[in-house]
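Visitor: fold the stuff below for me.
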Amino acid sequence: MDRPPDLADRLARFPARMPATSPAPTTREPLYLIDAIGPFFRGYDRVRINWSKIPWRRFQKLTPEERAGLFDQIGADLARFAASAAATGYTAMSLDDVPHLADHEAYEPGIRAQIAANRADFRPLFARCRAAGLQVFLTMDVMSWTPALRDAIHGERAVNDFLVTLIDRFFHDFPEVSGIIIRIGESDGLDVKEDFRSELHLKHPAMVNRFLRAILPVFETHGRTCIFRTWTVGAHSVGDLIWRDSTLGHSLAGIASRALVLSMKFGESDFFRYLSLNRNFFVTDIPTIVELQTRREYEGAGEYPSFVGWDYERIARDLAAAPNLVGIMAWCQTGGWHPFRRLTWVENSSVWTEIDTHVTLRLFKHGESVETAIATFPGCSADQHADWLELLRLSHEVVTELLYVPEFARQTLYFRRVRIPPLIGVYWHTLFINHSVERILRHFVTDGEACIRAGHAALAKIARMKDLATRCGLPVEDLEYMEMTYGLLALAREYFFRPYTPEIRDRLKAAKKAYKRRYPRGTRFRYAVKLDFEPFRLSPRALGWLFDLCVREQDSYRLIDRLIFLRLLPVLYGLVKRARPRVIPKFARKSAMGIDAIFR
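Guide: Take a look at the predicted model:
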């Protein structure tokens, strides 16, 4: 498969490779890492779940007997998961997290007691992972606070000193842990009510550099690996670390450590399709792993097929030009705030996620093609191989042509420090069908009728997918769910791109009612469908002017970005938020970190 048309042009614009700041990557063993938090969610009864980390607060509400029983179940599930991961070819797994397992005298007595209980419960879990032949890595946000800790330490140097001590003690206490995965560009969501609450602490590249210089000697002393994630959500001056080579260069300037491995998402945004390859893979010699998502948080989270094999095959081939690549991090459970709760390789596991997880490993570890990788998946017999491939190819086409709006998704757009996601109108488990989405799409899409026809053509492919699923012994009910959900998206395009009529309003309302009747409460979790036909206040001309002013097509900052959007806009946003808080949609204010993050 060829590279994307724009890749060669983008590579030609890169600066010369940064001087090597670490030993040659050939000295490091390949790392095939997978997240393993699924077993901790079995029986978790919240409707909308934060899948970004283990629900620690859940354990505090249990009696000792209930907690012991739960961790027995977690241990059994984790052993099953670890066996499946090892059999697939993964070599390491990640669990949450250092703050809940590393003791320090600055913490409140009650929290220290919880940490002691956590440590006792997690040691057997680590042993199960290692018994399966897998290394164990723990995640850590910088910085996680408790009220007492916030009172005890102040200032950047004090925080770094605290973390050096905390990590050193943790490595002394847990020699079975191979390293730590550090996240600095995203923090806990607004819904997190834990005793530990993470917040963004490292705000500019110089702080990142000083932080790494402080902690890396600890990793070197203990012979452990520091996996440093470059993922950021656009907050503060380090917020473009994920895609901007100069921010990465300043953050890593002068860093020379055998303990350091960078972890980069494959694109310049979150785990979406239609993204160009992240150019930062090609501007550093530091050993790097690529982050990939197999439980597609924005594409149904395993409720229906959303095959990524051909996308990831292209990425694997493109990254052959990056000699510092030493492995992958596959997210098979982590990510999103939604009610979908299939647990990979555990309870009610999604075969679609299992397929993506299997194929992803074989693409990157063995250099196989999608066709060869699928042939090795358990359950895919030789006489069904062609049917499996056709089904997965159709799923790829339906997702890229109907969940996404291709003409919009292919455009490379930036706002402040953020690469604007190519997916519009769908946010985790919510479909937004309203006038504001209509106005945005009409601004960026030139041929609405062609978009409508393409959507219905994509929807029609699901009928063939159902026939193939029956022949392959795969869950047809998942295809029926996909068909009904995506039917709403196809109908929404008629609302988005044709003149508004009461008829299209009534058809959408009827379709929503039929969807809710088909999947009532207590059966299968479905998407929430948010219909709003109130006219958007800005005229198309004013909206177009606003987009032209605020949104840019190049990654480099314009003068107006540097003077206005990066400096003055956060102030203006703060004033508007205080004066008229409800002008910002609730989902933007309350979801994940909230929209405030991109204005910092």
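Visitor: switch to C-alpha atoms for all contacts and neighbour counts from now on
Guide: Noted.
Visitor: how's this protein carved up into domains?
Guide: Following automatic domain parsing, the chain resolves into domains at 7-376, 389-532.
Visitor: now the ones you listed as TSV including mean neighbour count, distance to Leu563 and mean pLDDT?
Guide: Shown next, in TSV, are the domains of the chain (neighbours: other C-alpha atoms under 10 Å; distance: least, C-alpha to C-alpha, whole Å; pLDDT from 0 to 100):
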stretch	mean neighbour count	distance to Leu563	mean pLDDT
domain 7-376	19	14	93
domain 389-532	18	11	97
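Visitor: those domains: which one's closest to Gly574?
Guide: Proximity to Gly574, assessed across the domains of the chain by C-alpha to C-alpha, is greatest for domain 7-376 (14.3 Å).
Visitor: how close does Asp245 get to Arg279?
Guide: Per C-alpha to C-alpha, to the nearest Å, Asp245 is found 8 Å from Arg279.
Visitor: next: Phe307.
Guide: Applying C-alpha to C-alpha to Phe307 and Arg279 gives a distance of 24 Å.
Visitor: which of the helices or strands spans Tyr32?
Guide: If you go by DSSP states H and E, Tyr32 is part of strand 31-35.
Visitor: and the contacts of the next helix or strand after that strand?
Guide: Counting by DSSP H and E, the element after strand 31-35 in chain order, helix or strand, is strand 49-50. By C-alpha atoms under 8 Å, 6 or more residues apart in numbering, the list of residues contacting strand 49-50 from outside reads 335-339.
Visitor: quick one: which of the residues you listed sit in helices?
Guide: Counting by DSSP state H, none of the members of those fall within helices.
Visitor: now, which of those residues sits nearest Glu354?
Guide: Glu354 lies nearest to Gly335 out of the contacts of strand 49-50, by C-alpha to C-alpha, at 16.1 Å.
Visitor: ok, now which ones touch that closest one?
Guide: Contacts of Gly335 by C-alpha under 8 Å, 6+ apart are 50-52, 297.
Visitor: export those residues to TSV and tack on distance to Val142?
Guide: Shown next, in TSV, are the contacts of Gly335 (distance: C-alpha to C-alpha, whole Å):
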residue	distance to Val142
Asn50	19
Trp51	19
Ser52	15
Glu297	24
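Visitor: now, which of the residues you listed sits nearest Met482?
Guide: Closest approach to Met482 among the contacts of Gly335 (C-alpha to C-alpha): Glu297, at 14.8 Å.
Visitor: distance check, that closest one against Gln114.
Guide: Counting by C-alpha to C-alpha, the gap from Glu297 to Gln114 is 31 Å.
Visitor: ok, so of the contacts of Gly335, who is nearest Glu347?
Guide: Trp51 (15.5 Å).
Visitor: list the contacts for that closest one?
Guide: 333-338.
Visitor: in strands, which of the residues you listed appear?
Guide: The strands, defined by DSSP state E, take in 337-338 from these.
Visitor: need the strands for the stretch 51-200 of the chain, in chain order.
Guide: Along the stretch 51-200 of the chain, counting by DSSP state E, counting those that start in this stretch, strands occupy 92-95, 135-141, 144-145, 179-183, 197-198.
Visitor: take those strands and lay them out in TSV including distance to Tyr274.
Guide: Shown next, in TSV, are those (distance: least, C-alpha to C-alpha, whole Å):
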stretch	distance to Tyr274
strand 92-95	28
strand 135-141	28
strand 144-145	34
strand 179-183	25
strand 197-198	31
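Visitor: ok, now which ones touch the nearest residue to Tyr404 once chain neighbours are set aside?
Guide: Excluding its sequence neighbours, the residue lying closest to Tyr404 (C-alpha to C-alpha, 6 or more residues apart in numbering) is Leu423, at 5.5 Å. Neighbour list for Leu423: 272, 403-405, 409 [criterion: C-alpha under 8 Å, 6+ apart].
Visitor: look up phi and psi at Leu423.
Guide: phi -100, psi 130 (degrees, to the nearest 10).
Visitor: now do the one 3 residues further on
Guide: According to degrees, to the nearest 10, the main-chain angles of Val426 amount to phi -130, psi 120.
Visitor: and it, how far is that from Phe497?
Guide: In terms of C-alpha to C-alpha, Val426 sits 17 Å off from Phe497.
Visitor: for Arg524, find the nearest of the strands of the stretch 51-200 of the chain.
Guide: Using C-alpha to C-alpha, these put strand 92-95 closest to Arg524, at 28.2 Å.
Visitor: what does the strand holding Tyr32 rub up against?
Guide: 85, 89-95, 289, 326-334, 361, 365.
Visitor: and if we set it to 6 Å?
Guide: 90-94, 327-331 (C-alpha atoms under 6 Å, 6 or more residues apart in numbering).
Visitor: now render the residues you listed as CSV, adding distance to Asp240.
Guide: What follows is the contacts of strand 31-35, written out as CSV (distance: C-alpha to C-alpha, whole Å):
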residue, distance to Asp240
Tyr90, 30
Thr91, 31
Ala92, 29
Met93, 28
Ser94, 25
Gly327, 23
Ile328, 22
Met329, 21
Ala330, 22
Trp331, 22
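Visitor: just the closest of these to Arg197, please.
Guide: The closest of the contacts of strand 31-35 to Arg197 turns out to be Ser94 (C-alpha to C-alpha; 19.8 Å).
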